[in-house]
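Student: Can you look at this prediction? I've put the sequence above it.
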Amino acid sequence: MNVLIFLVLAIAASIPLSYAFRAGLVRVLPHEKALVARDMPLTAAFGIMVIGVYVIVAFAAPLLAPFPERAVVGSQFQPWDSTYLLGTDRLGRDMLSRLIYGARNTVGIAFATTALAFVVGALLGIWAALRGGWLDQLLSRFVDALMAIPSLIFSLLLLTIFGTSVLTLILVIAAVDATRVYRIARSVSQGVVVMDYIEAARLRGEGNWYLIRHEILPNALAPLVAEFGLRFCFVFLTISSLSFLGLGIQPPTADWGSMVRDNATLITFGDMTPLMPAGAIALLTVAVNFVVDWQLYRASGLKEQG
Amino acid sequence: MHAVLMMILQRLGLGILTLFVVSVVIFGATELLPGDLASSLLGQSATPETVAALRQQMGLDQPAPVRYWTWLTGVVQGDFGVSLATRRPISDMMSMRLGNTVFLALYAAAIAVPLSLVLGILAALWRNSLFDRVANAGALSAISFPEFFVAYILIFLLAQSGVFPSMVRISPAMGLTDKLYVTFLPALTLTLVVTAHMMRMTRAAIINLMASPYIEMARLKGVSPLRIVLRHALPNALAPIINVVALNLAYLITGVVVVEVVFVYPGLGQLMVDSVAKRDIAVVQAIALIFASAYVLLNLTADVLSTLTNPRLMRRK
């Protein structure tokens, strides 16, 4: 019951908070951007606010955390008190500190992976659309074959082969997700490639690299940015799930997925502390989704007719 | 009728081709390793003799196409080889667990599909109402939750007070009601995870149609809103709905992996995770092939069914 009351209170508190945040943004930003901020729905304001808090926590982790990330500072499974605000974990490390450092590790790794997947997938996708012909066919059929296998299953297979470490985790997830990015990038830029200005630039004698950077990328950016947000959510959830399964980010690095796994026994005793890292994951993905939803709505200029 | 049969045969052929490619990818992925699998599995401290012995046991002394052919012919006959860790035949290890996993996925689907269709239709019917907004925000949030979060919340709310067990122990001797009772929490977790997406797509598909002229006509005739949705909009929205249902059933396949681990459910997903940790590549390949085949077959079925509901799709080039 306590959890439900807590949830209702949290939602009730977040509404005026995001309202105030939006009003603050309208004040602070220059005129043009303030107009955009004024029209943004409350959910999007909430999303931007939450993402901002995560970024600050990730960068300021050593300043905010009361204890070091990996130090054993107390006995095992201590309850909440004034020294250990959220208690201690299975080995006696401070939960709150690990939660704060987790923002840096988990989000950082997910972000790096998404960025890598994007650079590889988007460049290959645009290149395939630009060149067409056998190169396009070869890449696309190859990607089709890889996409016929569910991504989590494929990641598990690759992790078995290459072993589990942070580097292989990043490379494996980036490779699997690059195939999905490739699809989107290719289909978006196929619409751009047939435009007259591409033809004109080609006749001017511009090379492929120039075309990609100056002509195609700016015109394909809006859907790709939205896709980046969605892709980040998927990557973030996959990495957390793998860490939860014990196959992702390895101890003693503080990471939200493995924190849930390590302390899960507490849940059956009615202690909700292990739910917090899972909640932190959920909150960030919800926030990103809200912002992406708003961006997609803005980009499409679509309004549902009543 | 002839055209329908042709279409089904054509899709089936494509499906078999896809399955073949998938099996090549799953088998061939081990070839990506620098060096070979045996030395990588044993690590740097292994003596050359043990590496050679493992290489022979895994058949690595033969060229890859020959090994692939032996593996594939075995798989087609239901023989997946032996586990590297336990030396037991993989098909024995999987047989019980496959049934358990299928049972869990079907159980979840039986709750999730009707529930999400009803919710989606209601949300489309009462568009922009409070119900619609709450359902939408809830769905968007539920999509964003990691499976284990949902699972542990349910354990916290329902299992801790002892209403439902938080660990699933099932035996073949169990009656159906008992089985449904002990697997209720994992099934509910999966349901919550997939319902959101299906509901949103159902709503979107129906709302899309509501702007078309024939719906306007029905409305002007004075047909009741419920009847418009059920009789006029739903049949035409079936193709996208079938697709999204199949997509989510396929998603259940990967969802079971995490959920099975949370609830210590004796299914294929748990076996797969254990085998990944032990780097038992033979078992992982076998399970990956089963999951991937189910995924391909579900997508194939969706493709055929949605083509059948919309004859115009068959006239496409």
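Tutor: Perfect, I can see it now.
Student: For the helix or strand of chain B with the lowest mean pLDDT, which outside residues touch it?
Tutor: Sorting the helices and strands of chain B by mean pLDDT, DSSP states H and E puts helix B:37-42 at the bottom, at a mean of 71. Helix B:37-42 is contacted from outside by A:161, A:163, B:30, B:33, B:46, B:50-51, B:54-55, B:58, B:60, B:84, B:279, B:281, using Cβ atoms under 8 Å, 6 or more residues apart in numbering or on different chains. C-betas here are computed from N, CA, C, even on glycine.
Student: Same question for stretch A:185-200.
Tutor: Contacts of stretch A:185-200 (Cβ under 8 Å, 6+ apart): A:121-126, A:128-130, A:132, A:136, A:140, A:211, A:215-216, A:219-220, A:223-224.
Student: which one is residue 232 nearest to, not counting chain neighbours?
Tutor: I went with chain A, as the question did not name one. residue A:114 (4.6 Å; Cβ to Cβ, 6 or more residues apart in numbering or on different chains).
Student: Oops, wrong one, chain B.
Tutor: Spatially, and ignoring its direct neighbours in sequence, residue B:232 is nearest to residue B:218 (5.3 Å; Cβ to Cβ, 6+ apart).
Student: tell me the SS of the one you found?
Tutor: helix (DSSP: H, G, I helix; E, B strand; the rest coil).
Student: Just the pLDDT for residue 185.
Tutor: No chain specified, so I'll use chain A. We note a pLDDT of 90 for residue A:185 in this prediction.
Student: hmm, I had chain B in mind actually
Tutor: On the pLDDT scale, residue B:185 is placed at 88.
Student: What of residue A:56?
Tutor: Residue A:56 is assigned 92 on the pLDDT scale.
Student: Can you report how many residues neighbour it?
Tutor: When counting by other Cβ atoms under 10 Å in any protein chain shown, one arrives at 12 neighbours for residue A:56.
Student: Please list the outside residues in contact with the strand or helix carrying it.
Tutor: For residue A:56, the host element (DSSP states H and E) is helix A:42-59. For helix A:42-59, contacts defined as Cβ under 8 Å, 6+ apart pick out A:14-15, A:17-19, A:21-22, A:25, A:37, A:64, A:100, A:103-104, A:107-108, A:283-284, A:286-291, A:293-294, B:137.
Student: again, only using 6 Å
Tutor: For helix A:42-59, contacts defined as Cβ atoms under 6 Å, 6 or more residues apart in numbering or on different chains pick out A:14, A:18, A:21, A:22, A:103, A:104, A:107, A:284, A:287, A:290, A:291, A:294.
Student: Need the max-distance pair from these.
Tutor: A:22 and A:104 (27.5 Å; Cβ to Cβ).
Student: related to what we said a few turns ago, tell me what the very next helix or strand once past the least confident helix or strand of chain B is packed against?
Tutor: Using DSSP H and E, the helix or strand that directly follows helix B:37-42 along the chain is helix B:48-57. Under the contact criterion of 3 or more Cβ pairs under 6 Å, 6 or more residues apart in numbering or on different chains; DSSP states H and E, helix B:48-57 touches helix B:37-42.
Student: send the alpha carbons of the helix it packs on over as CSV?
Tutor: Provided in CSV are the C-alpha atoms of helix B:37-42 (Å, rounded to 0.1, in the frame of the first residue of the first chain):
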residue,chain,number,x,y,z
LEU,B,37,36.5,-21.1,-30.1
ALA,B,38,38.4,-23.8,-28.2
SER,B,39,41.4,-21.6,-27.2
SER,B,40,39.1,-18.7,-26.4
LEU,B,41,36.9,-20.9,-24.1
LEU,B,42,39.8,-22.4,-22.2
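Student: that older thread, separate out the buried members of the contacts of stretch A:185-200.
Tutor: Among the contacts of stretch A:185-200, the ones that count as buried by 16 or more other Cβ atoms under 10 Å in any protein chain shown are A:121-126, A:128-130, A:136, A:140, A:211, A:215-216, A:220, A:223-224.
Student: got the residues of the stretch 151-300 of chain A near chain B?
Tutor: Counting by Cβ under 6 Å from any Cβ of the partner chain, the residues of the stretch 151-300 of chain A close to chain B are A:152-153, A:156-157, A:159-161, A:237, A:240-241, A:244-245, A:247, A:267-268, A:270, A:275, A:278, A:281-282, A:285-286, A:289.
Student: of the residues you listed, buried ones?
Tutor: A:152-153, A:156-157, A:159-161, A:237, A:240-241, A:244-245, A:247, A:267, A:275, A:278, A:281-282, A:285-286, A:289.
Student: Restricted to helices, list those residues.
Tutor: In helices, defined here by DSSP state H, the members of these are A:152-153, A:156-157, A:159-161, A:237, A:240-241, A:244, A:267, A:275, A:278, A:281-282, A:285-286, A:289.
Student: The helix or strand hosting residue A:187: which residues count as buried?
Tutor: Using DSSP H and E, residue A:187 sits within helix A:166-193. For helix A:166-193, the neighbour count (16+ other Cβ under 10 Å) marks A:166, A:169-170, A:172-186, A:188-190, A:192-193 as buried.
Student: what does stretch A:116-130 rub up against?
Tutor: Residues from elsewhere that reach stretch A:116-130 (Cβ under 6 Å, 6+ apart): A:136, A:139, A:174, A:177-178, A:181-182, A:185-186, A:189-190, A:193, A:212, A:216.
Student: How about stretch B:49-65?
Tutor: By Cβ under 6 Å, 6+ apart, the residues outside stretch B:49-65 that reach it are B:31, B:36, B:38, B:39, B:42, B:67.
Student: now, which of those residues sits nearest chain A?
Tutor: Nearest to chain A among these, counting by Cβ to the nearest Cβ, is residue B:31 at 9.4 Å.
Student: Count the neighbours of the closest one for me.
Tutor: Around residue B:31 there are 12 residues (other Cβ under 10 Å).
Student: Repeat that for the one 10 residues further on.
Tutor: Under the neighbour criterion other Cβ under 10 Å, residue B:41 is assigned a count of 20.
Student: immediately after the lengthiest helix in chain B, which helix or strand?
Tutor: Counting residues, the longest helix found in chain B (DSSP H) is helix B:90-125. In the C-terminal direction, the helix or strand that comes right after helix B:90-125 (DSSP H and E) is helix B:130-144.
Student: Render the CA-only coordinates of the next helix-or-strand element following that following helix in CSV, please.
Tutor: Using DSSP H and E, the helix or strand that follows helix B:130-144 in sequence is helix B:147-154. Extracted in CSV, the C-alpha atoms of helix B:147-154 (Å, rounded to 0.1, in the frame of the first residue of the first chain):
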residue,chain,number,x,y,z
GLU,B,147,10.7,-6.2,-17.4
PHE,B,148,12.4,-6.9,-14.1
PHE,B,149,11.0,-3.6,-12.6
VAL,B,150,7.5,-4.7,-13.4
ALA,B,151,8.2,-8.2,-12.1
TYR,B,152,9.6,-7.0,-8.8
ILE,B,153,6.8,-4.4,-8.3
LEU,B,154,4.3,-7.3,-8.7
